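Enquirer: Give me a model of this one.
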Amino acid sequence: MDSISIKVPVTIKAVLTEKLKERLINDFTRTAEQMELEIKQIDLDRQRELENNPEHVNRINQFFGNEINQRRQRQAEANARKDTVSKLAIGAEITQGTLERQVELKVGDNMREIMNVEILIEDDKIIAIRG
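Expert: Next up, the predicted model:
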């Protein structure tokens, strides 16, 4: 066998612009606010369940407590990411995710060159493909 076709990851990076920075901060702010609303709703649901089923206090508190803790974790993550983004300098490159690409490997190919490919975008436009 002289060749094989495989899928390899491609890193997607974005140049931080004022527009992207503002959008990310707004997204993280909205996520944190949404988590706060969900926490309040879950607490109301917990109170209602406690009133209707006072004999199951421990199970109700454990179930709703877990749900609230999950939302608090997501809220804390969103706030931490918002703080991180707000400290970044315009022009910084930030990783936005990965895609896959199909590659035909042949004997003698350099694996490092094949594996280390990234796409750089700025304001939703591809500005570079690095290999």
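
Enquirer: okay, now the domains of this structure?
Expert: 1-17+90-131, 18-89 (automatic domain parsing).

Enquirer: which residues of the protein fall in strands?
Expert: Per DSSP state E, the chain carries strands over the ranges 3-15, 93-106, 118-122, 125-130.

Enquirer: Return the most buried member of the domains of the chain.
Expert: Per-residue neighbour counts averaged over each of the domains of the chain give the maximum for domain 18-89, namely a mean of 14 (mean count of other C-beta atoms under 10 Å). (Each C-beta comes from the backbone N, C-alpha and C, glycine too.)

Enquirer: Can you find the helix or strand of the chain with the lowest average pLDDT?
Expert: The least trusted helix or strand in the chain, going by mean pLDDT, DSSP states H and E, turns out to be helix 111-115, with a mean of 84.

Enquirer: which residues sit against that one?
Expert: When contacts are taken as C-beta atoms under 8 Å, 6 or more residues apart in numbering, the neighbours of helix 111-115 outside the stretch itself are 8, 9, 103, 105, 131.

Enquirer: Fine, thanks again, bye for now.
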